[in-house]
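Participant: Just need the structure, nothing else, for what follows:
(2 chains)
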Protein chains: 2
Amino acid sequence: MVDAVPQSFEYVLSSMCTEPHPDARIAANRFLATNPGDPASYPEIATIESEVVDRLGDIVGLPEPSGYVTSGGTEANIQAVRIARNRADVDDPNVVIPENGHFSFRKAAELLGVEFRPSPVDDDHRAAVDAMADRIDEQTILVAGVAGSTEYGRVDPIPAIAALADEHDLHCHVDAAWGGFLLPFTDEDWHFGHAAIDSMTIDPHKFGRAAIPAGGLLVRTASQLDALLIETPYLESGHQITLGGTRSGAGVASAAAALAALWPTGYEDQYRTADQLARWLADQLRDRGHRVVDPHLPIVAASIEDDTFAALRDRGWRIARTARGELRIVCMPHVTRARLAAFLADLDAVQ
Amino acid sequence: MVDAVPQSFEYVLSSMCTEPHPDARIAANRFLATNPGDPASYPEIATIESEVVDRLGDIVGLPEPSGYVTSGGTEANIQAVRIARNRADVDDPNVVIPENGHFSFRKAAELLGVEFRPSPVDDDHRAAVDAMADRIDEQTILVAGVAGSTEYGRVDPIPAIAALADEHDLHCHVDAAWGGFLLPFTDEDWHFGHAAIDSMTIDPHKFGRAAIPAGGLLVRTASQLDALLIETPYLESGHQITLGGTRSGAGVASAAAALAALWPTGYEDQYRTADQLARWLADQLRDRGHRVVDPHLPIVAASIEDDTFAALRDRGWRIARTARGELRIVCMPHVTRARLAAFLADLDAVQ
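Facilitator: Predicted coordinates:
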């Protein structure tokens, strides 16, 4: 195994992971043998984690943020639903999630014994708020909005969803796992400063250029985290709110390093480059006769024949499809125009 | 932050984490930007993960193992309880866990909506099987045994617990998160080859010398994992059994590298060194008048005054206590006789 090599990112076009920033790599390696889950033994990395949370607060419009660096967006979404479940006083809790929500909400619901209520999206793949309202009943504990959806890069109408939550006294969660490092450079209303959001997922290890694992859970008030407390008899810290026990200091340190290097100018440059690339790719695919879902955040979805898709996979392209079978290209920082030109050349060759 | 440095392991005496093996460090760095949670995009690391599972099978007496590399022992314990919950057909499930069980079982129970039933230990801090039998009723879904307990390094009577589970048709889980890389070199009966165990936690990132995060969940039959399946619409792999979504390829690759370098001879050497060190430390502390819990696996617990403990923490020692307030030293590979001698000198100086 020691001689094995990982994939080349040259062919990875459908992933929300990317090459970490060079500073993030260095920090991950330096803090590889640290455990923020045991702050009495590893206080240095625990301090860095609180700095990461503060910096994420700057991004999401939360001057006094609480939260922690999760193993990824799935853990953050699970924990948001867990907070809502543990604070609510209902017998048969349910959560109302738009159909563009990440599958981790289904996982969270299954895990936590909560009913999952999907709610339809509109013609532009965004949450239909009226439909969400119809699904709410007295057993509903949480509604979620997506700020940068996995399949089409759409941003749900977050202020309207937060108003709906407020009207029914529900927990309002926003999943900005992927979009959170892009949206500050758009005119979208998506964060704690824009609406009465209770919690948010925002992952440094996606567009934030941290190393895996570095997700993020942020909550508006520290007391929300009390709903997650488990006592830890043999750790001097006394209790734990995280889903895991031992956790990755590499992820935490790399998030701190990436944020220090890139917020805000570097992230803005990344966003503008990706945005232009996605629009160019959309035009290229449209010119070739594909039906293209207009990119909003830099994800391009386009119709593709099964045979064509299979032939491109055979040529080594690491590509994936939406649930509706569309080719889905995520313009992460490692995706360049040269690589997309090579991909398009192969597309022309096989179809 | 980029200039921050992690703790020195010279002072870390109560952690179950340690310095990774040099090969594990190299592998972690090489596979830092890979995601085994998306095997269609990152097949290289997915292949390595299946090799790790096979190798862990060699250690735990399971010729055809199934499972995966978790984020740590907590995830593995959660997933074992989740398998049991999802396969059982009861209204109000409970799990019977000895009091020496890791706090992650409480976390799992809280998360999964399962009643947690602690069961007392005997005078030697091992599960009392008769007491476990008394706590089982028709709503019980799982019993667990610990093979290398967190506080005292004890091994529960696993064959008797497995027989109890078999008698009541319950899921039998063994938590060997820390002990699994030590026990092969003892004459304990602890693994799948010794008893009718259904699932096991065994963590490469503890005594296995992998980098964090690399825990392990193993199950006797692949079909058990079906109870964890969640559909993944936009990934070509189609479904997911893990608690997280994006996962650390660094952890997986480092586990493979550590196993290749150390199984079995290197691990045996590590065990013998740690065992001798623990016995030496126990004698040293006993000679100084401390009440010492005899080490079994290489953890030493000894009575200590609060003032003494605080003074040692003030001198920089990263030490922790058991729930009963005993000093608890875990003889991990980074803990040497020279460092323990320095610790004892400070102990002599402050008390």
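Participant: The nearest residue to A:P157 once chain neighbours are set aside and chain B, how far apart?
Facilitator: Of all residues beyond its chain neighbours, the one nearest A:P157 is A:V129 (5.8 Å), with distances taken as Cβ to Cβ, 6 or more residues apart in numbering or on different chains. Bear in mind the C-beta positions are built from the backbone N, C-alpha and C, glycine included. Noted for A:V129: a distance of 22 Å to chain B, by Cβ to the nearest Cβ, to the nearest Å.
Participant: Isn't A:V129 up against A:A162?
Facilitator: No: under the contact definition of Cβ atoms under 8 Å, A:V129 does not touch A:A162, with a separation of 10.2 Å.
Participant: Give me the more crowded residue out of the two.
Facilitator: A:A162 (23 against 20; other Cβ atoms under 10 Å in any protein chain shown).
Participant: so the closest residue in space to that one that isn't next to it in sequence, which of the three states?
Facilitator: Excluding its sequence neighbours, the residue lying closest to A:A162 (Cβ to Cβ, 6+ apart) is A:A195, at 3.7 Å. At A:A195 the chain is in coil, as set by DSSP: H, G, I helix; E, B strand; the rest coil.
Participant: Could you measure from A:R85 over to B:P43?
Facilitator: Distance, A:R85 to B:P43, using Cβ to Cβ, to the nearest Å: 36 Å.
Participant: Compare the two (neighbour count), which wins?
Facilitator: Just comparing A:R85 and B:P43: by other Cβ under 10 Å the higher neighbour count belongs to A:R85, 22 against 15.
Participant: pretty sure that one is in a strand, no?
Facilitator: No: looking at A:R85 with three-state DSSP, it is helix, so not inside a strand.
Participant: Report the contact partners of it.
Facilitator: A:93, A:112, A:114, A:141-142 (Cβ atoms under 8 Å, 6 or more residues apart in numbering or on different chains).
Participant: Quick check, central residue of chain A?
Facilitator: A:A177 (1.6 Å; Cα atoms, centre = their mean).
Participant: In this structure that residue contacts A:F207, no?
Facilitator: No: applying Cβ under 8 Å as the test, A:A177 and A:F207 come out as separate, 9.4 Å apart.
Participant: what do these two both touch?
Facilitator: Joint contacts of A:A177 and A:F207 (Cβ under 8 Å, 6+ apart) are A:M16.
Participant: Filter the contacts of A:R85 down to just the ones in strands.
Facilitator: A:141-142 (DSSP state E).
Participant: Can you report how many residues neighbour A:R272?
Facilitator: A:R272, neighbours per other Cβ under 10 Å, totals 13.
Participant: give the contact list for it.
Facilitator: A:F185.
Participant: anything in the helix or strand bottoming out on mean pLDDT in chain A near chain B?
Facilitator: When the helices and strands of chain A are scored by mean pLDDT, DSSP states H and E, strand A:230-231 comes last with a mean of 90. Yes: contact of strand A:230-231 with chain B (Cβ under 8 Å from any Cβ of the partner chain) involves A:230-231.
Participant: Tell me which other helices or strands that strand touches.
Facilitator: strand A:239-240, helix B:104-112 (3 or more Cβ pairs under 8 Å, 6 or more residues apart in numbering or on different chains; DSSP states H and E).
Participant: Swap in 6 Å and give it another go.
Facilitator: Counting contacts by 3 or more Cβ pairs under 6 Å, 6 or more residues apart in numbering or on different chains; DSSP states H and E, strand A:230-231 packs against no other helix or strand.
Participant: re the thing from before, so which of the contacts of A:R85 comes closest to chain B?
Facilitator: Closest approach to chain B among those (Cβ to the nearest Cβ): A:L112, at 6.6 Å.
Participant: Distance of the closest one relative to A:L228?
Facilitator: A:L112 is 12 Å from A:L228, by Cβ to Cβ.
Participant: cool, A:G57 as well?
Facilitator: From A:G57 to A:L228 the distance is 19 Å (Cβ to Cβ).
Participant: Pick out whichever of those two has more residues nearby.
Facilitator: A:L228 (21 against 17).
Participant: ok, now which ones touch the more buried one?
Facilitator: By Cβ atoms under 6 Å, 6 or more residues apart in numbering or on different chains, A:L228 lies in contact with A:I241.
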